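**Q** next one to model:
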Amino acid sequence: MLPFSASSDDDRFHEECGVFGVYGHKDAAALTALGLHALQHRGQEACGIVSVEGENFHAHRALGLVDATFSSAAVMDMLKGNKAIGHNRYATSGDTILRNVQPVYGDLSFGGFAIAHNGNLTNAYKIREGLVKKGSIFQSTSDTEVIVHLVATAAEGTPILDRLKQALTIVQGAYSLVAATADEMIGLRDPYGVRPLLLGKLGDAYILTSESCGLDIIGAELVRDVRPGEAVVVNDNGVEFVQLLPQQSKRFCIFEYVYFARPDSVLENKSVYHTRRQIGVELAKEAPCIGADIVVPVPDSGVPSAIGYAAQSGLPFELGIIRNHYVGRTFIEPTDQIRHLGVKLKHNANKAYIKGKSIVLVDDSIVRGTTSRKIVEMVREAGAREVHMRISSPPTKHSCYYGIDTPDSAELMANRFSIDDIRKQINVDSLAYISLDGLYRAVGEAKRDPENPGFCDACFSGKYPIALTDHEDGRPDKKVSSLNEYKAART
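**A** So this is what the prediction gives:
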């Protein structure tokens with residue numbers, strides 16, 4: 001039987017992962033825990049920190065949230081050293097079990113090595129097969145461990161940066177990495193820059209983080225984004241930038257601006273909040289709603305776009321739906337009748353502002369459609385006269401293979417139905433999505449350049465910039481999470 005809240009939890013795009021690192025601060029682990037807390041939205045399944053004290057590495061990993069995992073003084077006292085890296089996990093590859101929780105650590109020939117990874121390798125299973133045949137023994141089903149084995153099997157005496165270069169020349173996919181040795185902290189982005197990674201500074205200490213909100217929580221300043229294919233090497237001599245891999249045509253994930261990143265973050269020199277607000281402005285230009293009374297966001301991700309839509313339309317913005325922020329996943333197994341009410345665990349209609357009104361309901365996306373249908377039903381029961389839905393992303397027709405947990409393409413509503421069919425199924429009076437060109441205008445472009453779009457928009461366009469080797473070869477992609485499932489899929 002499904003968890004109580006599964007109907008709403010499974011009808012969303014789930015966050016990917018968050019990475020954080022500190023070099024040169026006496027409270028490195030504590031700062032890393034704070035950074036992971038700020039990045040909690042990027043993964044809620046598990047978290048971990050590895051700290052470095054001289055030649056000694058200390059680790060603590062657990063299933064669950066950051067505040068529960070690192071609230072113990074005994075745990076934090078164990079994580080000694082002036083260097084630390086951390087990871088928040090949402091599983092896009094590998095089971096949700098403790099052995100898959102990052103950072104991954106190994107004692108290699110040159111010493112300790114720890115690594116945390118945000119993204120997804122699209123040829124991990126192919127590489128893994130070859131490594132296993134050569135004698136490698138894997139301890140997890142995470143694709144991150146493939147990188148560790150490639151680093152470990154480089155020729156004796158090869159410097160760590162060269163080992164990483166050799167490893168990353170072999171792997172395909174999207175990744176932002178934070179790694180630590182006894183002497184250095186290293187940050188890396190894939191040559192297309194799909195996943196975010198930023199460098200910051202706190203006094204004499206250097207910080208690596210998936211988003212700028214991780215810097216804000218500890219009072220650090222943003223230095224700059226790590227560039228595609230670039231390595232940032234931090235040691236006692238300071239910081240060095242190395243173009244480790246040839247930079248390709250940039251393909252930063254545009255969905256970071258639509259949904260994943262925190263609205264108070266700045267990524268690629270763009271304010272996430274401002275961009276989401278501009279999406280609403282463009283959406284109102286493309287799909288106005290004549291005769292509507294108010295604009296209502298589906299909280300929380302729909303709020304900035306709804307503000308932009310309301311401002312452009314000249315309509316009042318109202319919190320017509322209130323979100324309960326204190327609801328987590330529960331494993332009660334209720335009756336079907338009670339489960340049907342599950343959406344109300346998180347959302348409740350603000351009847352006084354909805355009754356008798358024609359409302360524009362703004363949300364960030366429609367995945368399977370089950371949550372949208374129930375929210376529409378809820379506001380109609382609250383007395384809404386008309387419900388017009390506006391979506392601040394184009395129709396999502398294709399699955400992501402680069403580190404975002406999305407359903408298979410066949411499960412995506414926009415892949416199977418026309419917009420008018422979706423409108424009928426979720427029971428709204430009108431439905432409109434922002435166009436792909438409109439989305440690009442919101443991020444500051446004139447329109448989408450089909451030859452060089454500058455962003456990864458494969459979930460909308462179906463144009464994948466990085467080879468999907470495992471998927472195309474019939475190997476399991478991110479949807480097949482365990483090695484046993486993988487072997488079964490191959491046979």
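
**Q** residue 131 contacts residue 148, doesn't it?
**A** No - using C-beta atoms under 8 Å, residue 131 is not in contact with residue 148; the gap is 10.3 Å. Every C-beta, even on glycine, is put in place using the N, C-alpha and C of the backbone.

**Q** chain neighbours aside, what residue packs nearest to residue 81?
**A** In space, and not counting its chain neighbours, residue 81 is closest to residue 53: 3.3 Å by C-beta to C-beta, 6 or more residues apart in numbering.

**Q** tell me the bridge partners for the one you found.
**A** Taking DSSP bridges as the rule, residue 53 bridges to residue 56.

**Q** that one: how many residues sit nearby?
**A** Residues near residue 53, counting by other C-beta atoms under 10 Å, number 16.

**Q** mind listing what it touches?
**A** 80, 81, 82 (C-beta atoms under 8 Å, 6 or more residues apart in numbering).

**Q** the stretch 51-200 of the chain: strands as residue ranges?
**A** 56-63, 83-89, 104-108, 111-121, 173-180, 185-189, 198-202 (DSSP state E, counting those that start in this stretch).

**Q** mind checking how far the closest residue in space to residue 90 that isn't next to it in sequence is from residue 36?
**A** Using C-beta to C-beta, 6+ apart and skipping the chain neighbours, the partner closest in space to residue 90 is residue 43 (3.7 Å). Noted for residue 43: a distance of 9 Å to residue 36, by C-beta to C-beta, to the nearest Å.

**Q** can you check which residues contact both of those two?
**A** Residues touching both residue 43 and residue 36 by C-beta under 8 Å, 6+ apart: 18, 87, 88.

**Q** can you turn the buried part of the residues you listed into a ChimeraX selection?
**A** Command for ChimeraX, covering only those of those found buried under the criterion 16 or more other C-beta atoms under 10 Å:
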select :18,87,88
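
**Q** between the shared contacts of residue 43 and residue 36, which is nearest residue 457?
**A** Ranked by distance to residue 457 (C-beta to C-beta), those are led by residue 18 at 22.1 Å.

**Q** partners of the helix or strand containing the closest one in the sheet?
**A** Element membership for residue 18, per DSSP states H and E: strand 17-23. Take DSSP bridges as the rule and strand 17-23 pairs in its sheet with strand 83-89 (antiparallel), strand 205-209 (antiparallel).

**Q** mind putting these in CSV, mean pLDDT included?
**A** Formatted as CSV, those follow (pLDDT from 0 to 100):
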stretch, mean pLDDT
strand 83-89, 96
strand 205-209, 98
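
**Q** and the ones you listed: which comes nearest residue 293?
**A** Residue 293 sits nearest to strand 83-89 of all those, at 40.4 Å, using C-beta to C-beta.

**Q** tilt between the closest one and strand 111-121?
**A** 30 degrees (axes from the mean of the first three to the mean of the last three C-alpha atoms, to 10 degrees).

**Q** for strand 83-89, list the C-alpha coordinates in PDB.
**A** C-alpha atoms of strand 83-89 as PDB (Å, rounded to 0.1, in the frame of the first residue of the first chain):
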ATOM      1  CA  LYS A  83      38.300  20.600   6.000                       C
ATOM      2  CA  ALA A  84      34.900  19.000   5.400                       C
ATOM      3  CA  ILE A  85      32.600  18.100   2.500                       C
ATOM      4  CA  GLY A  86      28.900  17.200   2.700                       C
ATOM      5  CA  HIS A  87      26.000  15.900   0.700                       C
ATOM      6  CA  ASN A  88      22.200  15.900   0.700                       C
ATOM      7  CA  ARG A  89      20.700  13.000  -1.200                       C
END
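
**Q** next, the angle from that strand to strand 56-63.
**A** If you take the same axes, to 10 degrees, strand 83-89 sits at 20 degrees to strand 56-63.

**Q** what ranges does the stretch 251-400 of the chain have for its strands?
**A** Along the stretch 251-400 of the chain, counting by DSSP E, counting those that start in this stretch, strands occupy 252-253, 266-267, 270-271, 294-297, 321-323, 347-349, 358-363, 386-391.

**Q** and residue 158, which of those is closest to it?
**A** strand 252-253 (30.8 Å).

**Q** can you name the next helix or strand after the closest one?
**A** Next in sequence after strand 252-253, counting helices and strands by DSSP H and E, comes helix 255.

**Q** touching that following helix from outside, list them.
**A** Contacts of helix 255 (C-beta under 8 Å, 6+ apart): 13, 393, 400, 404, 457, 459.

**Q** ok so, going back, check what pLDDT the residue nearest to residue 90 gets.
**A** Note for residue 43: predicted pLDDT of 91.

**Q** and for residue 277?
**A** 98.

**Q** grab the nearest non-local neighbour of it.
**A** residue 308 (3.9 Å).

**Q** pretty sure the one you found is touching residue 276, no?
**A** Yes - proximity of residue 308 to residue 276 meets the contact threshold set by C-beta under 8 Å, at 7.3 Å.

**Q** return every residue with contacts to both of these two.
**A** In contact with both residue 308 and residue 276: no residue, using C-beta under 8 Å, 6+ apart.

**Q** give me phi/psi at residue 109?
**A** Dihedral pair for residue 109: phi -60, psi -30, per degrees, to the nearest 10.

**Q** next, count neighbours for it.
**A** Neighbourhood size, residue 109 [other C-beta under 10 Å]: 11.

**Q** excluding its backbone neighbours, what's nearest it?
**A** Nearest to residue 109 is residue 156, by C-beta to C-beta, 6+ apart, at 6.1 Å.

**Q** so the one you found is in contact with residue 108, correct?
**A** No - taking contacts as C-beta under 8 Å, residue 156 lies outside contact range of residue 108: 10.5 Å.

**Q** higher neighbour count, those two?
**A** Using other C-beta under 10 Å as the criterion, residue 156 and residue 108 rank with residue 108 on top: 17 against 6.

**Q** is it true that the more buried one touches residue 151?
**A** Yes - with contacts counted by C-beta under 8 Å, residue 108 reaches residue 151, the gap being 6.8 Å.

**Q** need the overlap of contacts for those two.
**A** Residues touching both residue 108 and residue 151 (C-beta under 8 Å, 6+ apart): there are none.

**Q** which other residues reach the longest helix along the chain?
**A** Longest helix in the chain, counting residues (DSSP state H): helix 272-286. For helix 272-286, contacts defined as C-beta under 8 Å, 6+ apart pick out 256-258, 261-266, 304-313, 362, 390-393, 432, 434-435, 438-439, 441-443.

**Q** next: stretch 423-436.
**A** 279, 282-283, 286-287, 289, 361, 366, 369, 372-373, 376-377, 380, 386-395, 413, 417, 419-420, 422, 442, 448, 457, 460-461.

**Q** same check, this time on stretch 119-134
**A** If you take C-beta under 8 Å, 6+ apart as the criterion, stretch 119-134 is touched by 16-17, 92-93, 138, 143, 146-147, 149-150, 153, 170-176, 190, 194-195, 401-403, 466-471, 473, 475-478, 486.

**Q** distance between it and the chain's centre?
**A** Per C-alpha atoms, centre = their mean, to the nearest Å, the displacement of stretch 119-134 from the mean C-alpha position of its chain is 22 Å.

**Q** where does the prediction get shaky in this protein?
**A** Applying pLDDT under 70 to the chain flags the ranges 1-15, 91-96, 327-343, 475-491.

**Q** break it into its domains for me.
**A** Following automatic domain parsing, the chain resolves into domains at 13-251, 267-457.
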